[in-house]
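Engineer: here is a sequence together with a model predicted from it:
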Amino acid sequence: MGDADDPAFTFVMTVSTRRSPYFASKKKKKKKKEKETEFSGEDITTKKKVAETWDPPKWTPPRSPFNLIQEDLFHDPWKLLVATIFLNRTDGKRAVPLATRFLDRWPTPERLLEAASEDDIADLMRPLGLHRRRAANLVRFTREHEILASRSRYPCCSCYR
């Protein structure tokens, strides 16, 4: 396998090196490069102002007939992450009540990091299975969320504040 004399290998190599007719022409690529150079000319203060003034879209997703918990939590990325961790490899009948209890007990990432230990979280998640791994991942993701939310230079993270 992987020998250059093998006919299947050379066929794959010739197919992968062919250029698709659907790729953009060189003229379009030059225009993209020009836009990048125009944007890179801005100073850091301008980028910071853009990040501070960026407002997340005021869009509400349509409701489905299934009454999904994700539809109730779409406005808060951290709560949505918590719900998906609870729902991973678990049916909603068992996961949703526990996720609701979890969010009632620790409604914000700050409260979770201050007041909860991994053992407390794992005890709450015990009926779902994989409770220790889920608890460790939840604490790790919450810490990473807080780090990203504290950085103001990324417009996508300013909506977490």
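Structural biologist: Cool, the structure landed. Residues are numbered from 1 along each chain as shown.
Engineer: which parts of this structure are strands?
Structural biologist: Here the chain has no strands by DSSP state E.
Engineer: helices and strands of it: which one has the lowest mean pLDDT?
Structural biologist: helix 7-17 (a mean of 45; mean pLDDT, DSSP states H and E).
Engineer: relative to Trp106, how far out is the nearest residue to Leu103 once chain neighbours are set aside?
Structural biologist: Using C-beta to C-beta, 6 or more residues apart in numbering and skipping the chain neighbours, the partner closest in space to Leu103 is Lys79 (6.1 Å). Where you see a C-beta, it was placed from the backbone N, CA and C, and this is true even at glycine. Between Lys79 and Trp106 the computed distance is 10 Å (C-beta to C-beta, to the nearest Å).
Engineer: now do Pro158, the pLDDT please.
Structural biologist: For the record, residue 158 is Ser, not Pro. On pLDDT, Ser158 comes in at 49.
Engineer: count the neighbours of the closest residue to Arg89 other than its chain neighbours for me.
Structural biologist: Distances taken as C-beta to C-beta, 6+ apart put Leu130 closest to Arg89, at 7.1 Å, once the chain neighbours are dropped. Neighbourhood size, Leu130 [other C-beta atoms under 10 Å]: 15.
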